[in-house]
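K.L.:
sequence unknown, structure follows:
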């Protein structure tokens, strides 16, 4: 029996459907985003989450049939369970990744659980709507699905533009869980409070309150959980951690820190070297990052005029540091996806010192934009050098940065005699596929290896970029070093030419097909 007018009760149930749909989509996007950050290959992670969740929703819709005789009680139980699982999903996924060494199975399990519970919502809500006022099934379904779809729209927009930048992944998911419990379970229990016996009703209210207390406690301790997980993951407490829209940026080590405390690794004599992690992956090791950045920059700026330089990526300022060593450079335009990284490179003492305070140089202009999208728009051309300081193919979650289309658009910004330098993978299919992509857009190429192995603080070498490809439009680029910069520590003309010749000798007779936007490889 309802204690409110049917019209008001119906509006409140539709409002509950709206809020629950928004919360459900936030959970889904949290899993997609965090899976991409932690596991890379965002296309695969998105496909896994969406396909598994849709399948689980279908199973949940079928499984809830047996609960339809008590729809309000069942809906309250479903929403309380969804609030717990969805609200804690980010902390559980992050903890699995940090402490158990992987999170693929955890992500699939959480996706299944959330999908099952979301799938149970619509049948129960439809039953509640019909209990308020009997009407044609098509009309009731139209109203219910309209509220559901509009809620999904709001949740989908709130996640990237409000929850993620303002609260971060963990707190955003926990707050969503609390809203889910209040708007879903509490509203329905209040409207249909006569469905359950007094004792059952008391237990349901107590359960809803327990869920809210649990989420509040998790919110209060989420900082401590994150710090403990980072300690386990990075081997030392991060001295800077920034959650941006595009992933987590973490700095460890650097000036003034003690010896490294990573099991199986000897501490360096001068303390723990500075490490920069982007979305959990080692991007910079302060002991020998110069090897890669010197290889990317100096041969590309040895082609003659190097007055105007376009740097795609490189928000840490380390490639920029090498560019600014050339006295002939008049201006550098740096286009980086995540503006949080240049901000950190300006303000963190260790990273600013490692980059030589490059962002303070008046010759530098920074544009926050996706490099591929920026290249597609009308803009400045005639650059003497274009440098793509972007992840090597085997470490790139964004495959478009190694596509032939990307290389063609970057080459179009070159002036006469200009050179393009891009990172490539280790000798093998990855390296030659990048060369194939450059050649597919009409460029001459010269590959050469980066001097040395992987970073000294990354024994597995997973942070290394093993080779660089130098490309030009008119003639094969010659390898050398410019006279307007101090000699690099890891390069000299003779060893550079010899290493390039050895690498060229391993080139296959037929290059593999290039990676493109329609056929990523």
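P.N.:
Nice, thanks for sending it over. Every value quoted in this text rests on a predicted model; they were computed, and no experiment measured them.
K.L.:
So in this structure, which helix runs the longest?
P.N.:
helix 198-234 (DSSP state H).
K.L.:
Any buried residues in that helix, and which?
P.N.:
By neighbour count on 16 or more other Cβ atoms under 10 Å, the buried set for helix 198-234 is 201, 204-205, 207-208, 211-212, 214-215, 218-219, 222, 226, 229-230, 233-234. Placement of C-beta: from N, CA and C, glycine included.
K.L.:
What separation do you get for residue 495 and residue 501?
P.N.:
11 Å (Cβ to Cβ, to the nearest Å).
K.L.:
Do a quick rundown of the strands in this protein.
P.N.:
240-244, 247-252, 275-278, 281-285, 308-313, 331-336, 364-368, 383-389, 414-424, 444-449, 467-472 (DSSP state E).
K.L.:
Dump the ones you listed to a markdown table, plus mean neighbour count and distance to residue 507.
P.N.:
Output for these, formatted as a markdown table (neighbours: other Cβ atoms under 10 Å; distance: least, Cβ to Cβ, whole Å):
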| stretch | mean neighbour count | distance to residue 507 |
| --- | --- | --- |
| strand 240-244 | 18 | 39 |
| strand 247-252 | 24 | 35 |
| strand 275-278 | 24 | 31 |
| strand 281-285 | 20 | 28 |
| strand 308-313 | 25 | 25 |
| strand 331-336 | 22 | 31 |
| strand 364-368 | 16 | 36 |
| strand 383-389 | 26 | 21 |
| strand 414-424 | 23 | 12 |
| strand 444-449 | 20 | 8 |
| strand 467-472 | 26 | 12 |
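K.L.:
Turn the ones you listed into TSV, including distance to residue 98 and mean pLDDT.
P.N.:
Output for those, formatted as TSV (distance: least, Cβ to Cβ, whole Å; pLDDT from 0 to 100):
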stretch	distance to residue 98	mean pLDDT
strand 240-244	13	81
strand 247-252	11	84
strand 275-278	12	87
strand 281-285	13	82
strand 308-313	27	95
strand 331-336	27	96
strand 364-368	29	95
strand 383-389	28	94
strand 414-424	28	91
strand 444-449	33	92
strand 467-472	31	90
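K.L.:
Adding distance to residue 81 as columns, could you present the ones you listed in CSV?
P.N.:
Output for those, formatted as CSV (distance: least, Cβ to Cβ, whole Å):
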stretch, distance to residue 81
strand 240-244, 27
strand 247-252, 28
strand 275-278, 34
strand 281-285, 34
strand 308-313, 43
strand 331-336, 42
strand 364-368, 40
strand 383-389, 46
strand 414-424, 46
strand 444-449, 54
strand 467-472, 51
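K.L.:
Quick one, which of those gets closest to residue 294.
P.N.:
strand 467-472 (9.9 Å; Cβ to Cβ).
K.L.:
hmm, which helix or strand of the protein has the shakiest average pLDDT?
P.N.:
When the helices and strands of the chain are scored by mean pLDDT, DSSP states H and E, helix 187-191 comes last with a mean of 75.
K.L.:
what's that one in contact with?
P.N.:
Contact with helix 187-191 is made by 2-4, 9, 12-13, 15-16, 72, 75-76, 79, 128, 201, 204-205, 208, as judged by Cβ atoms under 8 Å, 6 or more residues apart in numbering.
K.L.:
Tell me who's in contact with residue 441.
P.N.:
By Cβ under 8 Å, 6+ apart, residue 441 lies in contact with 404, 407, 408, 411.
K.L.:
Leaving out chain neighbours, which residue sits closest to it?
P.N.:
residue 408 (3.7 Å; Cβ to Cβ, 6 or more residues apart in numbering).
K.L.:
and if you look at residue 491?
P.N.:
Nearest one to residue 491, counting by Cβ to Cβ, 6+ apart, is residue 294 at 5.6 Å.
K.L.:
before we move on, what about residue 227?
P.N.:
That would be residue 237: by Cβ to Cβ, 6+ apart, it lies 6.7 Å from residue 227.
K.L.:
same deal with residue 512?
P.N.:
Nearest non-adjacent residue to residue 512 (Cβ to Cβ, 6+ apart): residue 433, at 4.9 Å.
K.L.:
ok, now how distant is the one you found from residue 142?
P.N.:
50 Å.
K.L.:
and the two? which has more neighbours close in?
P.N.:
residue 433 (19 against 11; other Cβ atoms under 10 Å).
K.L.:
thought that one was touching residue 515?
P.N.:
Yes. Contact criterion Cβ atoms under 8 Å: residue 433 and residue 515 qualify, at 5.9 Å.
K.L.:
So for stretch 338-356, what gets flagged as buried?
P.N.:
338-346, 348, 350-352, 354-356.
K.L.:
which stretches of the protein have low pLDDT?
P.N.:
Scanning the chain for pLDDT under 70 picks out 1-4, 37, 39-41, 255-271, 391-398, 426-428, 452-465, 521.
K.L.:
can you rerun that using 50?
P.N.:
Within the chain, the segments meeting pLDDT under 50 span 1, 258-270, 393-396, 454-456, 458-465.
K.L.:
Residue 235: neighbour count?
P.N.:
Burial of residue 235 is recorded as 18 neighbouring residues (other Cβ under 10 Å).
K.L.:
That one and residue 273: what is the separation?
P.N.:
Going from residue 235 to residue 273 by Cβ to Cβ gives 12 Å.
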